[in-house]
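K.L.:
sequence and predicted structure, then a few things I'm wondering about:
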Amino acid sequence: MPEHPDRHLSPSHLALAAAAIAAPALIAVNVAPSATFLNQAAALVGWGAWAMVLAIALPPRGAAGRAPDPGAIALLAALLLLAIAALAAPFWAAQPWTLALSSIGLLAAAVLVAALAGAVQRAGLGEPAFAAFCTALLFAGVAATLIGFVQVYAPGWADGEWIAASTLGGRAVGNLRQPNHQSSLLLWSMIATLWLAESGRLRRTWLPALLLLLLAGVVLTASRTGMVGAGLLALWGVVDRRLSRASRLQLWLAPLAYLMFYELFAAIAHLQDAVFAGEVQLQKSDPSSSRFGIWANTLTLIAEHPWAGVGFGEFNFAWSLHPFPGRPVAFFDHTHNLPLQFAVELGLPLAALVLALLLFALWRAWRMAGEGAGGDVTVRRAALAMVLMIALHSLLEYPLWYAYFLLPAAFAFGLALGGPASAAAPRGDTPPRVNVWLLGALVLMLGGAASLVDYRRVAVIFSPAAGAAPLAQRIAEGQRSWFFGHHADYAAATVAPHPSTEMEALARATHYLMDTRITIAWAKALAERGELDKARHLAARLREFRNPLSAEFFAECDKPLATAQEKPFQCEPPQRRYDYTDFR
């Protein structure tokens, strides 16, 4: 790749960038038990292949020996601290290794992608690499927008094979099946589209139409995060004076265009005697969709466990087992706020260190976005805008727990911290050595492929093919899975006639997600073992969720009993207060 590349990218670069970025966002097929596993596996394999191309393009000695920026070092340090916390979770919080290994693998992939992006930028290859990245994002955004229009206005076409069906009543969810994920993808695509036009790789005459199309797709998600994101685009237009006047004007008008699309889609819905999904969202009695409640619960847990936290990935376990009479009734597995997630799981000291490192990295990226000239600085500015956009989303949800958001965010952050390009080291007299970037990329790609093979061991439990082995045999095979054994443990515990025979499976499955079925099975298992008061505690926690699936379990309490007969355990309150640590 030349230092000042022309506007024509090689087909191989575009194809592999599309495999890393567009393909994961557009896969509609899903296989139980996870609705997004195939999308995430595609991201791992695609980013491995894309990273291999970038690694091969790097000069043997990198960027003339120039060290990474302190901000890049801070970013990598934060990710490594999180990986260490994930590694400690099985020892500290009795988390099953299948969950810990998945977290460690994702964080290691993010470290690789962020570090490689910085090396690419310092070697003078950041602009062509970012061009391929943005082109793939543009393709993904346009395709996702069209999918969203089908989901809202032609839902009969959503066959589940090419287009996922929306289950959220007239909201566009894309093939990622979540409106907030769809909106963040489209907002990223808008940033990418604007940068492609600014860099001369996209005709400016196409820019207004593409931005309006993508923004219309954001409005169709009825995502309040997307609404705030449109405001962030306008703020970018105010702050970044290096953008052309036409581009800044289009960014300034983004909130107004959002409002116009909102009114248009609402009018179309009213003509059909319906209500636009955006109106439903704004008229909710709880505008936070239970976030205020879960944040209040999280602060309680932080106050009770301020120093070491509850353990990486253990929020759902601790929250589900803690008495919260007024809790949100959904089964939250994350706090929906990144700083709170770190604080409750890592403890305040480590969370403060991780957040300080990330904020320092953001500050450095902001400083570097104002330094230099030419293509390098425009790349850093657009990449920083993408990082800030996903950071906004992370204050309201947990997108970075998904590979198809984490790895692009790491790539953008690495480019933003890459600094100005410097001359590559001479190739002629440099002795050959192992390309560690290439080796890491290969491991990432093979790891993603291995996860696909491993996933089949648990998928067959929930979706058996004709002639499949008996359920007990499929569960036993699934429990040997490297990354997904907890799904098999869930099946083992919830189908057993006597759950107390599956205590080991319960000990693992409950650290993934405490829902109605697993909580009932665990309570029955404890009762069968004579631990009635702990069983009562679990039943009391389940009653707080007011889930319809627990109605039959609690119906026993309404049946008349003989005078001498004891009430079922789920009908009586526990005699003492328990902490989640009593159930590890």
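P.N.:
Received it, and whenever you're ready, just let me know what you need.
K.L.:
CA only for contacts and neighbour counts going forward, please
P.N.:
OK.
K.L.:
please report phi then psi for Ala154.
P.N.:
Note on Ala154: backbone dihedrals following degrees, to the nearest 10 are phi -140, psi 60.
K.L.:
state the pLDDT value of it.
P.N.:
In this model, Ala154 is scored at 94, pLDDT.
K.L.:
relative to Arg177, how far out is it?
P.N.:
The gap separating Ala154 from Arg177 is 16 Å, by CA to CA, to the nearest Å.
K.L.:
over to Phe91?
P.N.:
Separation of Phe91 from Arg177 (CA to CA) stands at 34 Å.
K.L.:
of those two, who's got more company?
P.N.:
A direct count of neighbours by other CA atoms under 10 Å for Phe91 and Arg177 places Arg177 higher, at 20 against 12.
K.L.:
that one touches Ile163, doesn't it?
P.N.:
No. If you go by CA atoms under 8 Å, Arg177 and Ile163 don't touch, sitting 9.9 Å apart.
K.L.:
hey, what's in contact with both of those two?
P.N.:
Counting by CA atoms under 8 Å, 6 or more residues apart in numbering, Arg177 and Ile163 have no shared contacts at all.
K.L.:
from one end of stretch 395-414 to the other, what's the distance?
P.N.:
21 Å.
K.L.:
in it, what counts as buried?
P.N.:
Neighbour counts over stretch 395-414 (16 or more other CA atoms under 10 Å) mark 395-400, 402-414 as buried.
K.L.:
again with stretch 508-521
P.N.:
508-521.
K.L.:
what about it, distance to the chain center?
P.N.:
Distance of stretch 508-521 from the chain centroid (CA atoms, centre = their mean, to the nearest Å) equals 22 Å.
K.L.:
what of stretch 352-368?
P.N.:
Relative to where its chain is centred, stretch 352-368 has its mean C-alpha point 21 Å off (CA atoms, centre = their mean).
K.L.:
and for stretch 287-295?
P.N.:
For stretch 287-295, the distance to the chain centre is 19 Å (CA atoms, centre = their mean).
K.L.:
to which secondary structure element is Ala366 assigned?
P.N.:
Small correction: residue 366 is Trp, not Ala. Secondary structure from DSSP states H and E places Trp366 in helix 348-368.
K.L.:
identify the residues contacting the helix or strand just after that helix?
P.N.:
Following helix 348-368 in sequence order, the next helix or strand is helix 375-394 (DSSP H and E). Residues from elsewhere that reach helix 375-394 (CA under 8 Å, 6+ apart): 121, 126-127, 130, 184, 187-188, 191-192, 195, 199, 225, 229, 232, 236, 336-338, 365-366, 368-371, 399-400, 409, 412-413, 415-421.
K.L.:
other SSEs contacting the helix holding Trp366?
P.N.:
Contact analysis of helix 348-368 by 3 or more CA pairs under 8 Å, 6 or more residues apart in numbering; DSSP states H and E lists helix 70-92, helix 338-346, helix 375-394, helix 403-416 as its packing neighbours.
K.L.:
quick one, what contacts the residue lying closest to Leu471 once chain neighbours are set aside?
P.N.:
Counting by CA to CA, 6 or more residues apart in numbering, the nearest residue to Leu471 once its immediate chain neighbours are dropped is Ile461, at 6.7 Å. Shown in contact with Ile461 (CA under 8 Å, 6+ apart): Leu471, Arg474, Ile475, Gly478, Ala488, Ala491.
K.L.:
how about these in CSV, adding secondary structure?
P.N.:
Putting these into CSV (DSSP: H, G, I helix; E, B strand; the rest coil) gives the following:
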residue, secondary structure
Leu471, helix
Arg474, helix
Ile475, helix
Gly478, helix
Ala488, helix
Ala491, helix
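K.L.:
buried ones among these?
P.N.:
Among the contacts of Ile461, those classed as buried by 16+ other CA under 10 Å are Leu471, Arg474, Ile475, Gly478, Ala488, Ala491.
K.L.:
Leu348: which of those residues is nearest?
P.N.:
Proximity to Leu348 was ranked across these by CA to CA; first place goes to Ala488, at 34.1 Å.
K.L.:
does that closest one touch Val460 like I think?
P.N.:
No. At 10.0 Å, Ala488 and Val460 do not qualify as touching, with contact defined as CA under 8 Å.
K.L.:
buried deepest among the helices and strands packed on helix 348-368, which one?
P.N.:
Among those, helix 403-416 has the highest mean neighbour count (mean count of other CA atoms under 10 Å), at a mean of 27.
K.L.:
after that one, which helix or strand is next?
P.N.:
Following helix 403-416 toward the C-terminus (DSSP H and E): helix 436-462.
K.L.:
buried sites along that following helix?
P.N.:
437-438, 440-442, 444-449, 451-452, 454-455, 457-462.
K.L.:
same check, this time on stretch 208-226
P.N.:
210-226.
K.L.:
what sits against Leu561?
P.N.:
With CA under 8 Å, 6+ apart, Leu561 has these contacts: Lys567.
K.L.:
and it, which of the three is it?
P.N.:
Leu561 - assigned by three-state DSSP - is coil.
K.L.:
if I look at it, how far off is Pro568?
P.N.:
10 Å.
K.L.:
also Ser102?
P.N.:
Note on Ser102: its distance to Pro568, by CA to CA, is 39 Å.
K.L.:
the helix holding Trp366 - what's its average pLDDT?
P.N.:
In the prediction, helix 348-368 has an average pLDDT of 97.
K.L.:
how about stretch 417-424?
P.N.:
pLDDT averaged over stretch 417-424 gives 67.
K.L.:
what is the nearest of the buried residues of stretch 508-521 to Ala51?
P.N.:
Ranked by distance to Ala51 (CA to CA), those are led by Tyr512 at 30.7 Å.
K.L.:
low-confidence stretches in the stretch 451-584 of the chain?
P.N.:
Low-confidence segments of the stretch 451-584 of the chain, defined by pLDDT under 70: 562-565.
K.L.:
now the helices for it?
P.N.:
471-478, 485-495, 503-509, 516-528, 532-545, 551-555 (DSSP state H, counting those that start in this stretch).
K.L.:
of all the ones you listed, which one is nearest Pro573?
P.N.:
helix 532-545 (5.9 Å).
K.L.:
name the helices or strands packed onto the closest one?
P.N.:
helix 315-321, helix 516-528.
K.L.:
distance to Ala535 added to the ones you listed, as TSV?
P.N.:
TSV is the format used below for those (distance: least, CA to CA, whole Å):
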stretch	distance to Ala535
helix 315-321	11
helix 516-528	4
